[in-house]
Each structure stands twice: as structure tokens, then as C-alpha cells.
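Asker: can't give you the sequence, but here's the structure:
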């Protein structure tokens, strides 16, 4: 399953090589052209119709990089993207693209005072342990400051429909985009699949891609938070896993273009596609960067709900993923048919 | 011919929060069409009305954001109460007890859970009551993602006028007034009414990219410092427009500020100096393209973000007057 | 011109964000023999062009913006030699007068990340009609509670006392006038220098070193030495607008970083052991690799500086202009950042300038092509 391979692939902001290579390999038979640009966006073109549509998914995941190496051979890390300190101690990680195993250690519970036990371990007290005995040994492994460090999480099925893995934000979006490129053609459109870099550090790749492509309309494909879980009030769930793709209402990177948003809703209703809204204004997506490029680009975000996003392991429901594919496909069809003029 | 005051009455009554500017755009487009050579809507939704000059002068952009603050529906309870998040800087304590109107025209009341202390007031604890008794009934009139704005009539109190939406419909009215009185001249003038000035701001940069001016003036409403315990700002109502030296995200272009001061002095137009916090369209306009020298002319306003904002009509007239004098000058920066 | 003298001239000129003219004019004058053409752009940034061999580029023909049609794939590059841009910001942090109170006392606010812990009792000068010296005052200790003394005084409670009458002050000073720290440009031991504004005049001096080096090192790339305005505050207007005009293939921000001193544990680098080369999402990996290779070839010591997101330099603005630019960050270690006693090592400035010049010398069409291949 492509989502599995995408989830297991490693790519922090600025070092998305593995994800790009995987996508290039998988999608080459299905698209007309592919290229990369100065920031590492991977752009694929399919079709050459009069209306230009950009579908965006970002290839980077949250993770870490090596900040410094101690004399004793431990790694001090830096966060790449937003990570909650509370989910980090005791995790297994891979260091560099070579996946050298290491662990994020924490002082033994037994040795902590009562007061200490209640506190969150702050990130500056954390370090990665490779088992090395000296700085020299670490350097001989080819590890230097800046090298990526990933959560060592392997994809698996919890059930037929619910899967677990790392980086569903935004490998879910990449999987949706890949599937659209593989399964569908739209002769009336020039479809650009923009697998963009560096979203997690500030929506960086997307604005460059949008500037170069200057599309008539764009959809950002994301993996977003979902909290229909124990102890969370219905109003605070953001999205509900299992209830379909989520269309953004507004977030801190922007207000979706009203016409695109209304068309997505219309298309979902007319085709009986179960959908929901993303009910939180926090967080930002590539749409925020895309919307402000040049003279403006009409754009909206469609997200697959993922529980426990921005941690080492998330869950998603495959029906939600397929629902995203379905929704975007029908939207593109409506654009192609002329039902909706951007 | 509509006077500026009449125009302000009309504009302040039009619904148009950030991201939902279609109606206000139509009003402004109708109003400015007879006064412009070309009117278009750009891809972001900004309204651009161009008045051509002789070609010997500069291309000038004069902008005002046309959106207002409001709130967006995020959740609807089983009892039919709508839970919201703010659009732009609407504060919870300014929303309590207010009447609002939704895009469908349905009216609602904003209310808050009972709390012991004012610091417990939070937007999350607000709801909008439209008189629905169930979620289904509410959804017939308001869906998730719809927006509402504060409702109220404009009240005139001598030289002062008060009501919701004066930030920035007062600025829009000033632009229309300038367009009305603008004489043929050397400069190409683009009047731009931008979207999403209260969130971000966002529209100004996309507008500037399309217009590509040599320089720009942004008209907005600025917080006056002439009420008790106001943050220290040397700006008062009734003392003319304020030229903005800086705010929280923008440093004013010194050449443009000097130009504004010179022209104001030459024509004895009262001018205040503003050093503020917050942000405005000028930041995104000034960094567009290869850089656009931009000045902000602010209309002093009290009680911004409430249903009873307050501005001075003479200040608005002085702002329009200053702009007309600037547009008639050589605009050498 | 002796580099220490040039640096002294640079720090003497005042240039808080938004009022950078004095430094820009200094560069127009002092760098004129080193560049083929120079100008100040509309926002006041200095752009100096040193043409590559055989190049006919002109500043006058910098492509002007407009709603141009889509360039499509980035392979369709503009013609002409490779363009390398190095940006050193010419603005500095400072203060700004916000009010003149009865008695002639001046209230002020900060511009950029001024270290507010150092404001009390600081000697300053207000740039009004003339430079007006003053002291940052506040109510004296014996009318301050113990609790108040254990906390920093909020800037709203500070004021500047010029010793002049209110009428005299109103004659000389206006709202918005810059407030600058009084300072001394001091040569310390071992080639170290201390002054206000070493952030970022040290980098400006490094750009000069690069231009001098390029007088006798061959290069085919066009080199744009840019003194950007507005880095300390305001959303990097200088960085983004100059990049938009120049359309460089490579954009290197030259700025300062933290140098080691007592109590600086992490994220700081030794003084006098060379510049730092940035690695992270704001730094194109291939460009960083090139900078490291050139440093190695020239025997220039450097440290790797890990920048996990926003580098806090002009490079953040440069990288996403138009269709993207391959960016790099080259930094000069500096102690006591954003204080009036910022301290740098001249050897680091010279090393940074030399490294930059030789990166320019290595830039050719093949390199530029490779930078967009991932």
C-alpha cells in the first residue's frame, strides 16, 4: 500500500529526498512531466487542458535534527516543526537517512523525587543515545549537526480500516494526491500535483510552487487533527475520525476562498460523499501560503482526519482517505465540466 | 450626488466580514463605477478602480480595506445554539449582549456563560442564539462556516458619528469622496478596496502585485488615545488624520511621511503623528514586488471593535482633503 | 581603506530600521571603486553590482515586476550569467521617541529586539534636529519597593532626561525621532573590536572584504552586494524586495550569530575561529556543501550552525521570493548581541568575506542548474 511506504519513508523539512524519490518512482508511469525547483518541491504535470489546477500535499514530517554532539557521544536534538514535549521521552528514533537506531532517554522514574515525577520533562533535558562512547565514534558514523532524526514508527493495520503510522501529516495528503494522479485523467485540465517541501516550518514550498504554476484554482491536501476520543467534548474534537474528509472553515493561515469552499460542499452533497468540517481555527496549512501568491489564488483545504497528529504515531481511517480522493475527484470533474469557473 | 456622510450611512449598513466581502464589493463597485475609467475585481477579490492620468506622472495606489470584524460558526449544539470563533479582532467582552446578523439575514444575540470574574470571559464560552430550538432548526438558517457581524444604526452626535463597522467603512467613504472630487491630472490613480484587512492583513499584498504602483497610501481607522487609560498614543479625535510612523509590523517610509507632512503643512490641513501597535495593510503592500513606498493615513477612532465605534466627520473630510492635495502634487519622494 | 577604519565609520553612522540612509550613502561613496554600478532602491536598500567576466548586466535593466504570465517550469531560466546575491542588513535596533511630556521628559519605545534589561541608566542620544544627549531615567531606588527592584522596569515607566527645558526639547525633538546608544568604538586585545551596531556592520564589512577579494579573483557570475533595509523589524522588506528585483540564482545572507562567553551554553560558537555556515531548511543543502568545500579548499575554519526553521536572517525572506531561490546563511560570531558593546573578531570578518568571494568565483551555469535538482 502506497500510504504504508509513504508513512515509513523519512523526510524532515529540507531533507525530503526519500519521499520525493518514492513518489517519482511510483508516479512516473502516470504523469506527463516531473521536475523539482530551488526549494525541493516535486511538481508533476498531467494533462494540458485550459484550466490549471494545483493539488498540493507536503512531503515533510515533524521530527528532529542533530543540534550538537556531546563529548560522551550523546546527541542533543532540535525540533523540526511543532512537537509536544510530553510525547517525546522514551521514544525510539532513527538517526540520518541510514536509520541508525537510537533512543530518547529519560531519567529513571525510581531516581526522581515526588515533585520531579509530576513535571513534564523539558526538551532541553532530552538527548538521543546511540550507544556510542565518544564524540569521535558518533562522527565516524557520519553523523554531524543538522542530520535528520525520525520517529522509528512502522506502519501497521490495527483493523481492516484503521491504520497506524508516523507522518500521516502529510503522507495522507501525498497518498490522496498520488491516487488521483494514478487513477484519473481530466482532458479539460492541466493538473499539477505539487508535492511541496517545508510546510512544517512555515508553509514555505507551497508558495514557491504556486508562484511558478500560477494555477486558476488550488486544493491543499492535508492530514489534520482528530479528537473524537475519550474525555473530549464534542465541540472540541476538531474532526471526527471515520466521518469523512474535513473541509476547512478557517484557520490561522487564512480564510478559504468562499466559492471553492461552497463548490466542495455542493459536490460532496450532490454525490453523497460523507464529509465534515474542520472545527478549529488553530493551525495553518499550505492554503494560507498559496492564497496570497501574485494576484491571489482561490484555494481551500481538504484534510483526512488523523488522531494523535504531530506525535510519533497517528491513526487514520481508510474510508476517510478514500473519501478525500473521491471528493477531490468530483470537484475536479465539476471544474472540468465548467460547472464551476474559478 | 451623495455626500460623504450619506455614503458612510450606506456603507456601514452593508454586511461584509473578512472573507465574505461580496456584498460590500458590489456596493462599492456601483458607487465608484461612474467615477473611474476601469473597474475590475482581482483574483483575491479586491476591487480595483483606475482613474487614468496624462501618463506623465506616477502610478498611485490608494487603498482601504472593505471588510469588518465578525464571528464564524464552528459548532451548533443540540439545543440550536451556535458556538463561534472571532473573525478579526472581535473580543469576547465586546460581543456579550450584542445583536448580530448572519449572511442569510437572520438576527441573533450573543451571550456568555455566567462567570464570577471578568478575566474568565472567553470566546469559547459565548454562543449565538437565533431562537432555534434544535440543531436541525438552527442549520436551516446558519451552517458551519457562516459568519455574523455586529448590528447597529449609525448615530450622529454633532461632529461625531458612532456605530459598528466604521473601521473601515469610514476609510472606504473617504476613498469614494476622493474619487468624486479628483481632478484630471498627471498621475494614474488606482482606488483599491481590499479584502481581509482585519485578518492578517492579507488583501493588500495581492492587490499591490496586480496594480504595481510607484507608491501607495493606505487609509484605515486607528485607535485614538484620548480616552481614560487608553494605551499611550498621541492621537485624538477632531485633530485631523494621523500619519503612521510605525506599528507592530510596519515601519513607515520616511520619505513618504515627509511628503505627507509637507503637503499637509502647505495646505494647513491638521495632521497628527501616530506610533501604534497592531498591524495594517501597509506592511504587505510595501513589501510587494521590488518595494512600494507606502504611507498610512489613519482616521482616529474610539472604541474600535465594538458596536459603537466613533469617528469625527471633520477628521474624515480632512483625510479626503489631504489625499486630494497629495494626488494633485508631484508626489516626489 | 583599512578595515577597522571602515568598520568605525559604519558604526558611527546611525541607521535604525526605517532610517538607514546614512549607512546606504556611506556605501555608495566607499564602495564605488569596488563595484561597476550601484544604486539605492525605492525602500532605501543599497544594491551594488560587480559584473562577471564578459557580462553586460546593468542595474538599470533589473526586471521590473508586474502580473507577468506564468513562467511555468523553473527550467525556463532567464538568460545571462549566474547571479549571486549577498545580503547584509544595514539597519540596526534602537529606540523611537513616542511622547514629549511636561518637563521635557521623553517617552520612548524600542525598534527591533532591544535588550530591555540594559536600558536603565543607559547613555543615549536622540537624533532630532541635532544629536541630543540624554540618560534613560526612572524613579530612584529609595522610592522603589523591594518587589519592584527585583523585576525589570517596564519600558512605559522609563523616560529620557536630556537636561533641557520642555521648550528647548520641543524645538529639537519630534515624535518618531531615533534614540541611539552612545558608544565608543573600542579596539580590545587580539584583533577584537567592541561597539554598538556590530550587528550587522560586521557583515557589511565582510561584504566589502568580498568585493576587494573579487578585484583579483576571476568570476563569471554577476555579484550583487546588497545592503538591505528593515531586517530587525517589519517583515524583511529589504530582503524580499531586492531579491524580487535582482532574481538571483543564489542568495546568501551574511549576518551575525552568537559567540561563546561565560554562561552561553548552547548555540554559540568560538570567537576568532571563523564564520559559521548554516544548515537546515533555510539553507539549500547543495549550497551549504559548496560553502563548506570552498572553506576547506582555502583552509578557512568554520562551524556548522544548525538552523531548524526560520534562520532569523534575511535568508528567510530571500528563499521564497517569486519561484524560489537557493539560499545560504553565513554568520560572524558576536558576543553580547543587541547591547552597545557587541564584540567581534576581525579575523572572522575577513574569513567570511574571503569565503563569500570564492563561492561567487565558483558559481557557474552547471552549479546553478544543479541547485534545482533534488
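Answerer: Received the coordinates, thanks. This is a predicted model, so every value here is computed, not measured.

Asker: buried stuff in stretch A:264-284?
Answerer: A:264-265, A:267-268, A:273, A:275-281, A:283 (16 or more other Cβ atoms under 10 Å in any protein chain shown). (Each C-beta comes from the backbone N, C-alpha and C, glycine too.)

Asker: With stretch B:130-145 instead?
Answerer: Result for stretch B:130-145 [16+ other Cβ under 10 Å]: buried residues B:130, B:132, B:138, B:141-145.

Asker: domains for chain C, by residue range?
Answerer: According to automatic domain parsing, chain C comprises the domains C:3-62+C:78-92+C:196-371, C:95-181.

Asker: could I get the ones you listed as JSON lines with mean neighbour count?
Answerer: Listed next are the domains of chain C as JSON lines, based on neighbours: other Cβ atoms under 10 Å in any protein chain shown:
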{"stretch": "domain C:3-62+C:78-92+C:196-371", "mean neighbour count": "22"}
{"stretch": "domain C:95-181", "mean neighbour count": "16"}
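
Asker: tell me, which of these is the model least confident about?
Answerer: Lowest mean pLDDT of the domains of chain C: domain C:95-181, a mean of 91.

Asker: For residue C:297, which non-adjacent residue is spatially closest?
Answerer: Sequence neighbours aside, residue C:358 is the residue nearest to residue C:297 in space, at 7.8 Å (criterion: Cβ to Cβ, 6 or more residues apart in numbering or on different chains).

Asker: For the one you found, which three-state class applies?
Answerer: Three-state call for residue C:358 (DSSP: H, G, I helix; E, B strand; the rest coil): helix.

Asker: Spit out the contact partners of it.
Answerer: C:213, C:217, C:294, C:297-298 (Cβ atoms under 8 Å, 6 or more residues apart in numbering or on different chains).

Asker: possible to save those residues as CSV with secondary structure?
Answerer: Below are those laid out as CSV (three-state DSSP):
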residue, secondary structure
C:213, helix
C:217, coil
C:294, helix
C:297, helix
C:298, helix
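
Asker: What is the most widely separated pair among those residues?
Answerer: Spatial extent of the contacts of residue C:358 (Cβ to Cβ) is set by the pair C:213 and C:297 at 14.2 Å.

Asker: Could you list everything the closest residue to residue B:166 other than its chain neighbours pairs with in the sheet?
Answerer: Among residues not flanking residue B:166 along the chain, residue B:309 sits closest, at 4.2 Å (Cβ to Cβ, 6+ apart). When assigned by DSSP bridges, residue B:309 has beta-bridge partners residue B:163.

Asker: any idea how far residue B:309 is from residue B:319?
Answerer: Remark: distance between residue B:309 and residue B:319 (Cβ to Cβ, to the nearest Å) = 16 Å.

Asker: Looking at the buried residues of stretch B:130-145, spot the one nearest chain C.
Answerer: If you rank those by distance to chain C using Cβ to the nearest Cβ, residue B:145 comes first, at 29.1 Å.

Asker: Contact partners for that closest one?
Answerer: Contacts here follow Cβ under 8 Å, 6+ apart; on that basis residue B:145 touches A:249-250, A:261, A:277, B:72-73.

Asker: So it, which state does it fall into?
Answerer: Residue B:145 is classified as coil under three-state DSSP.

Asker: Show me which residues of the stretch 1-150 of chain B sit near chain A.
Answerer: B:18-20, B:22, B:42-46, B:72, B:74-75, B:77, B:83, B:85, B:87, B:144-145 (Cβ under 8 Å from any Cβ of the partner chain).

Asker: Report the buried members of those residues.
Answerer: B:18-20, B:42-46, B:72, B:74-75, B:83, B:85, B:87, B:144-145.

Asker: Which ones among those map onto strands?
Answerer: B:72, B:74-75, B:83, B:85, B:87 (DSSP state E).

Asker: May I ask which two of those are separated the most?
Answerer: Longest span within these, Cβ to Cβ: B:75 and B:87, 15.4 Å.

Asker: any idea which residue sits dead centre in the chain?
Answerer: I went with chain A, as the question did not name one. Centroid-nearest residue in chain A: residue A:170, 1.5 Å away (criterion: Cα atoms, centre = their mean).

Asker: sorry, should have said chain C
Answerer: Central residue of chain C (Cα atoms, centre = their mean): residue C:89, at 2.7 Å.

Asker: mind listing what that one touches?
Answerer: Per Cβ under 8 Å, 6+ apart, neighbours of residue C:89: C:200, C:203, C:227-232, C:238-239, C:255, C:314.

Asker: among those, which are in helices?
Answerer: Of the contacts of residue C:89, the ones assigned to helices by DSSP state H are C:200, C:203, C:238-239.

Asker: for these, which one is nearest chain A?
Answerer: Lowest distance from chain A to these (Cβ to the nearest Cβ) belongs to residue C:239, with 14.5 Å.

Asker: Give the buried residues for the longest helix seen in chain A.
Answerer: Counting by DSSP H, the longest helix found in chain A is helix A:318-337. By 16+ other Cβ under 10 Å, the buried positions in helix A:318-337 come out as A:318-336.

Asker: pLDDT (mean, whole number) over it?
Answerer: 97.

Asker: same question, stretch A:104-111
Answerer: 79.

Asker: Tell me the predicted confidence for residue A:342.
Answerer: 74.

Asker: For it, which three-state class applies?
Answerer: coil.

Asker: doesn't residue A:300 make contact with it?
Answerer: No. Assessed by Cβ atoms under 8 Å, residue A:342 is found out of contact with residue A:300, at 11.2 Å.

Asker: got any residues that touch both of the two?
Answerer: What both residue A:342 and residue A:300 touch, as defined by Cβ under 8 Å, 6+ apart, is the set residue A:260.

Asker: and residue B:288, how many neighbours?
Answerer: Residue B:288 has 26 neighbours, counted by other Cβ atoms under 10 Å in any protein chain shown.

Asker: pLDDT wise, what is it at?
Answerer: 95.

Asker: that's a helix at it, yeah?
Answerer: No. Going by three-state DSSP, the assignment for residue B:288 is coil, not a helix.

Asker: what stretches of chain A score poorly on pLDDT?
Answerer: By pLDDT under 70, chain A has no low-scoring segment.

Asker: Distance of the residue of it found nearest chain B relative to chain C?
Answerer: Residue of chain A nearest chain B, by Cβ to the nearest Cβ: residue A:296 (2.8 Å). Using Cβ to the nearest Cβ, to the nearest Å, residue A:296 is found at 11 Å from chain C.

Asker: Okay, residue B:302 and chain C: tell me how far apart.
Answerer: Separation of residue B:302 from chain C (Cβ to the nearest Cβ) stands at 19 Å.

Asker: from what I can see that residue touches residue B:226, true?
Answerer: Yes. Contact status for residue B:302 versus residue B:226: in contact at 7.3 Å, counting by Cβ under 8 Å.

Asker: any idea what sits nearest residue B:65, other than its immediate chain neighbours?
Answerer: In space, and not counting its chain neighbours, residue B:65 is closest to residue B:197: 2.2 Å by Cβ to Cβ, 6+ apart.

Asker: Next: residue C:36.
Answerer: residue C:51 (5.0 Å).

Asker: So what does the one you found look like in phi/psi?
Answerer: phi -70, psi 150 (degrees, to the nearest 10).

Asker: what does stretch B:171-181 contact?
Answerer: B:1, B:4, B:7-8, B:11, B:24, B:28, B:31-32, B:35-36, B:49, B:51, B:62-66, B:191, B:193, B:219-221, B:299, B:316-317, B:319-320, B:323-324, B:327.
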